[in-house]
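> got a predicted model here, sequence first, then my questions.
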Amino acid sequence: MIDEEASVDTERAGRGSSATSQVKSAARVLDVLDDIAANGPGTQLQLATRLGIPKSSLHALLRTMCARGWLDTDQTGSIYRLGVHTLTVSSAYLDGDPVLSRANSVMDEIAAATEETVHLGRLEGAEIIYTAKRESKHPLRMYSAVGRRLPAYSTALGRAMLAEMPEDVRDKLVPHEIKSITSQTITDRDALLAIIDKAAQLGYAEESEESCLGVRCFGVALPFSRRSVDALSIAVPISRLKQGREDFIVETLLSVKARLSAMRDNRLAR
């Protein structure tokens, strides 16, 4: 039983043995959440296989996580999925994030001016995570969702943030083996690094159909921290990019970036 294991672990830690078992249990909980978030619901056997955890150890863990609301099951009780408590914690994170609160009015402004889909994203390792979104007013929209992850190299958001970093840092964050997200994703690493270098010179990044077919994106890094880990982008269906439209979108983003950079209190400690 998990409670018995925790009791034994605490007793061992108190005797000066090691708290390794406690840390291992906590790590397994987080691994389960990460795996289901990335790969979808699964049975106990599927989760054990995906995570490399013995079924006997996983059984008590899953039962405890269900009891605490972190996981839920289907009507058969055999398929595990994320529970409602994960939404509560996610909402608390979004409500408490200083960048999100600062960027809300900016996103509203850009969405009103362009009537296109606006994304806010954060760099985590070599990936970007969508942290906020404003939907386009037009019927043709881009599929994206808050919490979705994509490789930084394939998105305007990610390229905008990579472009603000020193070249040696960029080199570490762009993988040597680049996987295609769509049929248009640039997979030549040297070509990709050249594109990011160009973005550094222009002050904004772009990509065309590399993360979503039929959609072109433009992005700028936000000056909210000492290291650029947040960015804004505008996603536009290529069919709506009429003459002059692209220039207007880029100018809108660069104008917002310049205004925020000029503000004395725009930086957030991070």
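All right, it came through fine. It should be emphasised that the depicted structure is a prediction, and the values quoted were computed from it without experimental measurement.

> and for residue 158, nearest residue in space, chain neighbours not counted?
When the adjacent residues along the chain are set aside, residue 158 lies closest to residue 152, with 2.7 Å between them (Cβ to Cβ, 6 or more residues apart in numbering). Heads up, the C-betas are built off the backbone N, CA and C, glycines and all.

> my guess is that neighbour contacts residue 164, does it?
No. With the criterion set as Cβ atoms under 8 Å, residue 152 and residue 164 do not qualify as a contacting pair; they are 11.9 Å apart.

> who has more neighbours out of the two?
Neighbours around residue 152 and residue 164, counted as other Cβ atoms under 10 Å, are more numerous at residue 152. The numbers are 25 against 22.

> for the more buried one, what are its contacts?
By Cβ atoms under 8 Å, 6 or more residues apart in numbering, the residues touching residue 152 are 123, 126-128, 158-159, 161-162, 173-174.

> mind redoing it with 7 Å?
With Cβ atoms under 7 Å, 6 or more residues apart in numbering as the criterion, the residues that contact residue 152 are 123, 126-128, 158, 161-162, 173.

> okay, and which of those residues map to helices?
In helices, judged by DSSP state H, the following of those are found: 158, 161-162, 173.

> the residue nearest to residue 181 when sequence neighbours are not counted and residue 233, how far apart?
In space, not counting the residues next to it along the chain, residue 181 is nearest to residue 154; the distance is 4.7 Å by Cβ to Cβ, 6+ apart. If you measure residue 154 against residue 233 using Cβ to Cβ, to the nearest Å, the figure is 12 Å.

> settle it for me: which of these two has more neighbours?
Using other Cβ under 10 Å, the more surrounded residue of residue 154 and residue 233 is residue 233, with 31 against 26.

> show me which residues of the helix or strand that contains the more buried one are buried.
Using DSSP states H and E, residue 233 maps to strand 230-237. Using 16 or more other Cβ atoms under 10 Å as the burial criterion, the residues of strand 230-237 that qualify are 230-237.

> among the contacts of residue 152, the buried ones, what's the PyMOL command?
With 16+ other Cβ under 10 Å as the burial test, the buried ones among those are selected in PyMOL as follows:
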select buried, resi 123+127+128+158+161+162+173
